[in-house]
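**Q** Here is a sequence with its predicted model. Questions after.
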Number of protein chains: 2
Amino acid sequence: MSRATIFDVATRAGVSIKTVSRVVNNEPNVRETTKERVRKAIRELNYRPDRSARNLASHRSHLITLIYDDPSAYEIPSAGYVIRMQQGALRACRDNDCELLIHPCRYQDKALGAELKTLIEKVRPDGIVLAAPLSNMPNIVRAIGATGTPFVRVSSGRKKNGKHYSVSMNDRECSAEMTRYLASLGHKRIAFLTGHPKHDAVKNRFLGYQDGLQESGVSFSGDLVEAGDNSIRSGEACAEKLLSRKRRPTAIFAANDDMAAGVIRVADRLGIKVPDELSVAGCDDIALAQQVYPALTTIRQPLAAMAERAALALIEHSRGGSDLGGEDVFAASMQIRESTGPAPA
Amino acid sequence: MSRATIFDVATRAGVSIKTVSRVVNNEPNVRETTKERVRKAIRELNYRPDRSARNLASHRSHLITLIYDDPSAYEIPSAGYVIRMQQGALRACRDNDCELLIHPCRYQDKALGAELKTLIEKVRPDGIVLAAPLSNMPNIVRAIGATGTPFVRVSSGRKKNGKHYSVSMNDRECSAEMTRYLASLGHKRIAFLTGHPKHDAVKNRFLGYQDGLQESGVSFSGDLVEAGDNSIRSGEACAEKLLSRKRRPTAIFAANDDMAAGVIRVADRLGIKVPDELSVAGCDDIALAQQVYPALTTIRQPLAAMAERAALALIEHSRGGSDLGGEDVFAASMQIRESTGPAPA
DNA sequence: GTGAAAGCGCTAACAC
DNA sequence: GTGTTAGCGCTTTCAC
């Protein structure tokens, strides 16, 4: 037996299909008693509107596409990042009768712009959530913009961007806060590990680090900055350099958690006690942060909330609602755990 | 300017829309020259078939739904598991003009069966990929089966299951292999940590452990088995019990990587050297396995390949192809890293 | 090989 | 408040 259609419901309720449509879509101008009759028929027939028919007639797809850099599950252990973005976007979609399509891709791909364009033209989503770091790459933003499909950029760092609505995080402020926190613990030699230069977020964190030093009256020194590439291994390499010095830093703040984990590993190998002899702080609050020992003090990004807001804005827009403009800034929060403590005497 | 329709293409190519449809869908009975003319028009107009219209007319949704237990990104660090399943399913979908809808959910939910039923009736996917551990829960399988939508179970352990096609892994055999490997290193007291009883996979691993012991001529002892619940913390608890004994085991094989990581952590705290004094092996090859020190010897599941096969089978089936029956078994592979070594003298 | 016509199940515009 | 009528852009059926 095939599914009931709007016509079956109308017949059973003794009304026209238009009235059924009104009830289903919560449109006004239906008498309460009529509404109830229609609802009853719907229940009895277990009627569900057909998505394809509805989409075809309404010129909407009820689809939101989430585009992000593929964590590849192994090389880069940022699977949690992706999962949290998905969770947020899914929440918005489920609450609003939309579905989420995920599109992991490789930011290194030369032809990524074209790939995304094709994808979008094929799928025709009502909106696109573009996650960092893709959201900070001009060519990608341009390619997506060219399709005319509404999109929202979700990024860590704030960034002036003319017309687009975007959702971002107070990354810089929060890094400054972390730095001030370390300084408040008595640390004077606070080192910083910068991350992959392609990722804007880590640049903002570096700026925040400098802000924090200044605000704490600690002078900045280029000697205390090492360049990593976001990987655990690069964190280890940087830590080896920093910790083998005669006057080594008493605190190391890494632009992401993976590098911070690398620092902890090296400290362990060198017999340097964390946090007694060395404080270590990271950024992102990935799952690993709680798995290393000692558990990592870090900065937690409200990724799910950001993705949810982005998807919601798109859905509202697709309903003919608000214009997509301006920017929403979310606050990250410090997660103080075991890897930071008072500076050694 | 709105999108070109099949009608525009037909006009431009000087043929009927049916012919365009034939070309687009690679149907036979079109002269090569006609085909070429149509293709040219398609290119010139940048025509893309409208999914909704196509779906409506063909009674297919070109949607595959992947249903899995939500890793919740934090409490359970199995985000990598999910990402890999997604990758496999996505590959199948992209190659076949379908889209993937993800549906994370909570296996604990009392009303999960009903939730999934509603979801499926609303979305009407062409097929469903059901991941473990949901794929081993009879009430879930029943609820999904009741919708009449074709589905494939992806599970670790093999399991006789009447009618359904399913994709599984030689979990038991591989656990036996790992156990034999440990025995071959000279270990006689090989402990095992069982996992969450709701997860069938870990039961199979326990059986495999027993098989392996027997095959190696090592006798099984209940004393060497501790019950965990898949979490790092439970792994720590079990390890504390096992390692505080007078005659402690020289090897510990945990039913998953998280528990194995817990074991390593405890060994570290107790000053027991891994692998010199204690060998540790896990199962799953999650990202954490390579992040702990020493890196964990474990069993790698071909999750992406399994999910891909499952999705492919569903897509073919939805095209009127093969019946969904039988079972495909994939081989897991041992990943020998640093946490295992010869038994101490 | 090709085309004409009839839907698919819904929404939108407008009439009543 | 409610119903009528056209489509939306495709696939399907069947005729040629």
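**A** Yep, that arrived. Numbers count the residues shown, from 1 in each chain, chains lettered A, B, ... in the order given.
**Q** Residue ranges in chain A under the pLDDT threshold?
**A** Across chain A, residues meeting the criterion (pLDDT under 70) sit at A:1, A:72-78, A:158-162.
**Q** Contact residues of it facing DNA strand C?
**A** A:2-3, A:5-7, A:17-18, A:21, A:24-25, A:47-50, A:53-54, A:56-58 (CB under 7 Å from any atom of the strand). In this view, the C-beta of every residue, glycine as well, is placed from N, C-alpha and C.
**Q** distance of the closest residue to A:Asp284 other than its chain neighbours from A:Val202?
**A** Excluding its sequence neighbours, the residue lying closest to A:Asp284 (CB to CB, 6 or more residues apart in numbering or on different chains) is A:Asp257, at 4.7 Å. Taking CB to CB, to the nearest Å as the measure, A:Asp257 falls 12 Å from A:Val202.
**Q** before we move on, what about A:Val274?
**A** If you go by CB to CB, the gap between A:Val274 and A:Val202 works out to 22 Å.
**Q** Please apply the same query to A:Arg319.
**A** 37 Å.
**Q** Likewise for A:Glu99?
**A** 33 Å.
**Q** Next: A:Thr149.
**A** 29 Å.
**Q** in the stretch 151-300 of chain A, what residue is nearest DNA strand C?
**A** A:Phe151 (22.0 Å; CB to the nearest atom of the strand).
**Q** Looks like that residue contacts A:Gly127 (just checking).
**A** Yes. With contact defined as CB atoms under 8 Å, A:Phe151 counts as touching A:Gly127 (6.5 Å).
**Q** Report the set of residues contacting both of these two.
**A** A:Leu314 (CB atoms under 8 Å, 6 or more residues apart in numbering or on different chains).
**Q** ok, A:Leu296 touching A:Ser339?
**A** Yes. If you go by CB under 8 Å, A:Leu296 and A:Ser339 touch, sitting 4.9 Å apart.
**Q** Now name the helix or strand holding A:Ala41.
**A** Per DSSP states H and E: A:Ala41 is located in helix A:32-45.
**Q** quick one: that helix near chain B?
**A** No. Against chain B, helix A:32-45 shows no contacts by CB under 8 Å from any CB of the partner chain, the least distance being 12.0 Å.
**Q** Against which helices or strands is the next helix or strand after that helix packed?
**A** The first helix or strand that comes after helix A:32-45 along the chain, using DSSP H and E, is helix A:51-58. Contacts defined by 3 or more CB pairs under 8 Å, 6 or more residues apart in numbering or on different chains; DSSP states H and E place helix A:51-58 against helix B:51-58.
**Q** and for whichever helix or strand comes after the helix it packs on, what are the contacting residues?
**A** Note on helix B:51-58: by DSSP H and E, the next helix or strand toward the C-terminus is strand B:63-69. With CB under 8 Å, 6+ apart as the contact definition, strand B:63-69 has outside contacts at A:99, B:82, B:85-86, B:89, B:92-93, B:98-107, B:116, B:119-120, B:123-131, B:133-134, B:144, B:307, B:311, B:314-315.
**Q** So which of those are in helices?
**A** Members of the contacts of strand B:63-69 lying in helices (criterion: DSSP state H): B:82, B:85-86, B:89, B:92-93, B:116, B:119-120, B:123, B:144, B:307, B:311, B:314-315.
**Q** if we look at chain A, which of those residues are close to it?
**A** Okay, of the ones in helices among the contacts of strand B:63-69 touching chain A (CB under 8 Å from any CB), that's B:Val82, B:Gln86, B:Val123.
**Q** could you dump those residues to JSON lines with neighbour count?
**A** As requested, those are exported to JSON lines (neighbours: other CB atoms under 10 Å in any protein chain shown):
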{"residue": "B:Val82", "neighbour count": "24"}
{"residue": "B:Gln86", "neighbour count": "27"}
{"residue": "B:Val123", "neighbour count": "17"}
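**Q** Now A:Thr298: phi and psi?
**A** phi -160, psi -180 (degrees, to the nearest 10).
**Q** show me what contacts it?
**A** Contacts for A:Thr298 were tallied using CB under 8 Å, 6+ apart; they are A:Asp257, A:Ala260, A:Ala281, A:Gly282, A:Cys283, A:Asp284, A:Asp285, A:Ala289, A:Met334, A:Gln335, A:Arg337.
**Q** same thing but 7 Å
**A** A:Asp257, A:Ala281, A:Gly282, A:Cys283, A:Asp284, A:Asp285, A:Ala289, A:Gln335 (CB atoms under 7 Å, 6 or more residues apart in numbering or on different chains).
**Q** Switch these over to TSV; also include secondary structure and neighbour count.
**A** Shown next, in TSV, are the contacts of A:Thr298 (DSSP: H, G, I helix; E, B strand; the rest coil; neighbours: other CB atoms under 10 Å in any protein chain shown):
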residue	secondary structure	neighbour count
A:Asp257	helix	28
A:Ala281	strand	29
A:Gly282	coil	32
A:Cys283	coil	33
A:Asp284	strand	27
A:Asp285	coil	25
A:Ala289	helix	25
A:Gln335	strand	17
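**Q** Return the member of the residues you listed nearest to chain B.
**A** Ranked by distance to chain B (CB to the nearest CB), those are led by A:Asp285 at 8.6 Å.
**Q** Is it correct that the closest one is in contact with A:Met334?
**A** No. If you go by CB atoms under 7 Å, A:Asp285 and A:Met334 don't touch, sitting 9.5 Å apart.
**Q** Now for these two: what residues contact both?
**A** Listed contacts common to A:Asp285 and A:Met334 are A:Ile299; contacts here mean CB under 7 Å, 6+ apart.
**Q** Next, name the residue at the spatial heart of chain A.
**A** Nearest to the mean C-alpha position of chain A, by CA atoms, centre = their mean, lies A:Leu303 at 3.9 Å.
**Q** Need the nearest residue in space to that residue, chain neighbours excluded.
**A** A:Arg84 (4.2 Å).
**Q** burial count for the one you found?
**A** A:Arg84: 23 surrounding residues under other CB atoms under 10 Å in any protein chain shown.
**Q** Then A:Gly321?
**A** If we define neighbours as other CB under 10 Å, then A:Gly321 has 10 of them.
**Q** How about the one 4 residues further on?
**A** By the other CB under 10 Å criterion, the neighbourhood of A:Gly325 contains 11 residues.
**Q** now swap in A:Gly113 and tell me
**A** 17.
**Q** same deal with A:Val23?
**A** By other CB under 10 Å, neighbour count at A:Val23 equals 21.
**Q** so which strand or helix has it?
**A** helix A:17-24.
**Q** counting contacts, what elements does that helix pack onto?
**A** helix A:6-13, helix A:32-45 (3 or more CB pairs under 7 Å, 6 or more residues apart in numbering or on different chains; DSSP states H and E).
**Q** Next, the contact list for A:Ile140, please.
**A** Counted by CB under 7 Å, 6+ apart, A:Ile140 has contacts A:Leu112, A:Gly113, A:Leu116, A:Leu134.
**Q** How far off centre is the strand or helix carrying it?
**A** Using DSSP H and E, A:Ile140 sits in helix A:138-146. On the basis of CA atoms, centre = their mean, to the nearest Å, helix A:138-146 sits 19 Å off its chain's mean C-alpha point.
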